[in-house]
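Student: got a sequence here, can you model it:
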Amino acid sequence: MKIDFAQNHPPKKLEIIIPFRWTNKRTDLYERIKFSFLDSLLPDCVGVTVSDDGSPLEVKEYMERVCRENGINYVYTYSEYSPVCMSRARNNAVTHVESDFILFQDADLIPYKGFYRDVLIEIEAQRITQDSANFLMFGVVYLTKEATQAFFETPEDYRKNVYFNYFLEDDSSVVEKFSTGTSVTLFHRHYYLSRGGYDEDFVEWGYEDLEFNLRCIRALKKFPLPENFMKDIGTFRNIDRYEGWKSIYRLFGDLTFNKGMVMFHAWHEIDNDSSYMKKKAVNGELFVKKIKGFLSHGAEPQPLAMMERGRTLCFSATNPFIFNRKTAPFFGEVLVANELELDASSIKSYVRENNVSRILFHNPYANEHRLKIFNAVKKYKIPFLISERGALRDSVFFDDTGFNADSTRYDYRYWSKDLTERQYAHVKSYILHEKSIDASLEDQPARIGVDALRRKLGIQRSKKVVFVPLQRPSDTVIKFFTQQIGGYDNFLQVIREAAERLKNEYVFVLKRHPLELETPKVDGVIYADETNVKDLLELASTVYILNSGVGVLALMYGKQVIIGGEAFYESDKLVSKACTSDELIASIRKGDTASEDDKIKFIHYLISEFYSFGHFETRKIPWEGGGNMTITSKIDFYQIRIPALAESNYLRSRELFKRSSVIFDRYRAPPPVAKPAVPAPAPAAQGEKFTKPAQAPQKAGTGNALIVVDAKPEQINKEAGSTKKKLKKLKDNPRRFFQDSNSMVVRKIGSLMGYRNE
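Tutor: The predicted structure follows:
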């Protein structure tokens, strides 16, 4: 559907999204979209966007003017003749606003003074900047018709405390109801888009918010899961046992509600016509179906686009480096084309005709046809990105300058910056962790330790070790980035000559690439194919390599690194270059000239500024050139870095709240107390009437107050009438209201407001 976006304020850190469709039964909506501004402390970094799902065009014209005059963004979807879809309204807004965070808020909700400032603080308190999957939920107190009017007439500084107190008193003449499991939620914009947003299969009213929030709850794993997750038990207000999805759902609202962060719902007429209720029932059935699909096989809507990112052309919809749920929003609208239907001569016109902003490649050197397209892209200066596996465990790079050795993203100017003590500590901790675990880029045998390895290989302690991790002759980096040494065979010849000339001082130890089946024959060396690469790095004093990522691992081990080919880490600050046996021998005898400080800075740049990281799911398949190759079927990113974009982080999935947390107190009800046996009444004497034994008034707990269930109607009416009189008195004569109150707290509030007894 066609969408208009009127941007009436610059991008903000937090954007309030108000879904909207005009109805002649709600003429108050024109004013209610401005409720956010009732918070007089509204920070400058918070903006408001109204997303209109198909109001009549004459309403659109009026809304455009209202929004423009109040600095409110206005998103309009041309869906007037389609059923209203609040999912679509929210999604269209989020794809267009350029904010870090989004807060969904209905037009009828009123903030207290300082609410949005508290929201910004809560983002930091709950560490959403460190975990994009985390989100906030806020409870709502629903005011009665009379209380709504009185709320607006109460001084802003006192609204929250006065009306929250009515809520605590369970005063039904002021508060209709409350809920902490609500649709008032805050998300990291990128994460919302990556999950596909609200499911647009939900039309008209009901359940779309529950379905999306529940997906996020299951993905986050913030709380331990309750029993019988899909069971719908009770209401958000009264549920008192940790069972069913509502019991975990409301905990997200409890977190902020317990801190006094609440919104107040302004009363309005409810349209409960039969068609509304019928559609709500249909959506309820759809909700159950959708959640079951998500739980069983992860069914979700496709990711949504950041519209400001334009269009990205790629050549695969299945490669996880290219099309990935968590990274997809950053590429805007994604066009998938068959690369065989394009070539170097047509790529420029295709990009222009389809308004493509960039081309996303996996390995642009993977085949001759793709390489020709890539060279044409560079020739015509078409923006591009390359996504491939990095040199470190779990790493992925997004490079907008080139691939591997032809990239400029590894230049000295990027990583030569001085580090703080904290940054140094972080890098050293990372290195220590990587050295302590067995896992590497490829599967490795178990580690046995340096001493055991010397004995296994028969290497005398007097001999130093030059470790040579062999690469795959068919790899891209061997085909295209070994020109200076003359290719793979010449590299092996350099090793033969150097091993013979240094045999009295050094032992050359070669390890076959884990995916290769055959080891090349080189005289005068020791083979260590069934050995863990980390044991070999510990053992070695020097590592000689063509351009493998093992060179980066060797830098982390503090070893001298000498390269024969062209590598992305090729810098005289880090490695030496040797393309002949004479050069290799001279470099070995000269020793390591790279400083530990430069190695630390380079690793810091990779792990803290350039590389993205994710958990890989892989499998091995036969490779046409012999041996095997590793296929990556899934990448679950936990850190995303794309040039020119803000970093996105995801904490490892873990339960942050244990059952011992006070947040679970509502679910720790004491065991039921057995009622004492009531003796049977004595038989009535003949001619007497049986009299029912007197019973004490029964009380039902609401969690915050006690209600006398069998109180007399006149008593209830009397109490309700009294409260209405108090509200009227607050409205008509606030001075007398505070002065005459029987509550010392209320009198003190009046004193603070200047209503002192005269």
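
Student: strands paired with the longest strand seen in the chain, and their directions?
Tutor: In the chain, assigned by DSSP state E, the strand with the most residues is strand 628-640. Partners of strand 628-640 in the sheet, by DSSP bridges, are strand 612-622 (antiparallel), strand 648-649 (antiparallel).

Student: which one of these lies closest to Y350?
Tutor: strand 612-622 (28.0 Å; CB to CB). To be clear about C-beta, it is placed using only N, CA and C from the backbone, and glycine gets the same treatment.

Student: helix, strand, or coil at S82?
Tutor: coil (DSSP: H, G, I helix; E, B strand; the rest coil).

Student: can the strands paired with strand 628-640 go into JSON lines with extra columns for mean pLDDT?
Tutor: Listed next are the strands paired with strand 628-640 as JSON lines, based on pLDDT from 0 to 100:
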{"stretch": "strand 612-622", "mean pLDDT": "89"}
{"stretch": "strand 648-649", "mean pLDDT": "94"}
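
Student: tabulate those (JSON lines), appending mean neighbour count.
Tutor: Listed next are the strands paired with strand 628-640 as JSON lines, based on neighbours: other CB atoms under 10 Å:
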{"stretch": "strand 612-622", "mean neighbour count": "15"}
{"stretch": "strand 648-649", "mean neighbour count": "22"}
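
Student: can you tell me which of the ones you listed comes nearest to P301?
Tutor: strand 648-649 (19.5 Å).

Student: and the lowest mean pLDDT element among the helices and strands of this structure?
Tutor: Lowest mean confidence among the helices and strands of the chain (mean pLDDT, DSSP states H and E): strand 706-708, at a mean of 30.

Student: what helix or strand is E176 located in?
Tutor: Using DSSP states H and E, E176 sits in strand 175-179.

Student: and that strand, how far out from the chain middle?
Tutor: 31 Å (CA atoms, centre = their mean, to the nearest Å).

Student: name every strand pairing with the helix or strand following that strand and say which way it goes.
Tutor: Using DSSP H and E, the helix or strand that follows strand 175-179 in sequence is strand 185-188. Neighbouring strands of strand 185-188 in its sheet, by DSSP bridges, are strand 101-104 (antiparallel), strand 136-137 (antiparallel).

Student: looking at the ones you listed, which is nearest to R309?
Tutor: strand 101-104 (16.4 Å).

Student: export that closest one as CSV, just CAs?
Tutor: Provided in CSV are the C-alpha atoms of strand 101-104 (Å, rounded to 0.1, in the frame of the first residue of the first chain):
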residue,chain,number,x,y,z
PHE,A,101,14.1,3.1,20.5
ILE,A,102,10.4,3.1,19.9
LEU,A,103,7.6,3.3,22.5
PHE,A,104,4.1,2.2,21.5
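
Student: so for it, what's the average pLDDT?
Tutor: For strand 101-104, mean pLDDT rounds to 98.

Student: listing partners with orientation, what would you give for the helix or strand following that strand?
Tutor: Sequence-wise, the next helix or strand downstream of strand 101-104 (DSSP H and E) is strand 109-110. Strand pairing for strand 109-110, determined by DSSP bridges: strand 262-265 (antiparallel).

Student: mean confidence (pLDDT) on the strand it pairs with, please.
Tutor: For strand 262-265, the per-residue pLDDT averages 98.

Student: same thing with stretch 55-67?
Tutor: Stretch 55-67 comes out with an average pLDDT of 96.

Student: buried residues in it?
Tutor: S55, V59, K60, M63, E64, V66, C67 (16 or more other CB atoms under 10 Å).

Student: just say helix, strand or coil for I600.
Tutor: Applying three-state DSSP: I600 is helix.

Student: who's in contact with the lengthiest helix in the chain?
Tutor: When the chain is scanned for its longest helix (criterion: DSSP state H), the result is helix 274-297. Helix 274-297 has contacts (CB atoms under 8 Å, 6 or more residues apart in numbering) with 199, 201-208, 210-211, 214-215, 218, 229-230, 245, 299-300.

Student: nearest spatial neighbour of V175, skipping sequence neighbours?
Tutor: The spatially closest residue to V175, leaving aside those adjacent along the chain, is F167, at 5.0 Å (CB to CB, 6 or more residues apart in numbering).

Student: wait, D394
Tutor: Per CB to CB, 6+ apart, closest to D394 is F613, 4.6 Å.

Student: can I get the longest helix of the chain in CSV, CA atoms only?
Tutor: The C-alpha trace of helix 274-297 is given here as CSV (Å, rounded to 0.1, in the frame of the first residue of the first chain):
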residue,chain,number,x,y,z
SER,A,274,-21.3,-7.5,18.0
SER,A,275,-19.0,-7.2,15.0
TYR,A,276,-16.2,-6.0,17.2
MET,A,277,-16.6,-8.8,19.7
LYS,A,278,-16.9,-11.4,16.9
LYS,A,279,-13.6,-10.2,15.3
LYS,A,280,-11.9,-10.2,18.7
ALA,A,281,-12.9,-13.9,19.1
VAL,A,282,-11.4,-14.7,15.6
ASN,A,283,-8.2,-12.9,16.5
GLY,A,284,-8.1,-14.9,19.7
GLU,A,285,-8.1,-18.2,17.8
LEU,A,286,-5.4,-16.8,15.4
PHE,A,287,-3.3,-15.8,18.4
VAL,A,288,-3.2,-19.3,19.7
LYS,A,289,-2.3,-20.7,16.2
LYS,A,290,0.5,-18.1,15.7
ILE,A,291,2.1,-18.7,19.0
LYS,A,292,2.0,-22.5,18.6
GLY,A,293,3.7,-22.0,15.2
PHE,A,294,6.4,-19.9,16.7
LEU,A,295,7.1,-22.4,19.5
SER,A,296,7.2,-25.4,17.3
HIS,A,297,9.2,-24.1,14.3
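
Student: just the contacts of helix 274-297: which are in helices?
Tutor: E208, L210, E211, L214, R215, R218, W245.

Student: just give the closest residue to the last one, not the sequence neighbours.
Tutor: Beyond its immediate neighbours in the sequence, the residue positioned closest to W245 (CB to CB, 6+ apart) is F229, lying 5.6 Å away.

Student: any idea how far D209 is from that neighbour?
Tutor: Here the criterion is CB to CB, to the nearest Å. By it, F229 lies 18 Å from D209.

Student: look at those two and report which has more neighbours.
Tutor: D209 (20 against 16; other CB atoms under 10 Å).

Student: if we can go back for a sec, okay, the strands paired with strand 628-640 in CSV with distance to G390 next?
Tutor: Putting the strands paired with strand 628-640 into CSV (distance: least, CB to CB, whole Å) gives the following:
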stretch, distance to G390
strand 612-622, 8
strand 648-649, 17
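
Student: of all those, which lies closest to P83?
Tutor: Nearest to P83 among the strands paired with strand 628-640 is strand 648-649; the distance by CB to CB comes to 34.4 Å.
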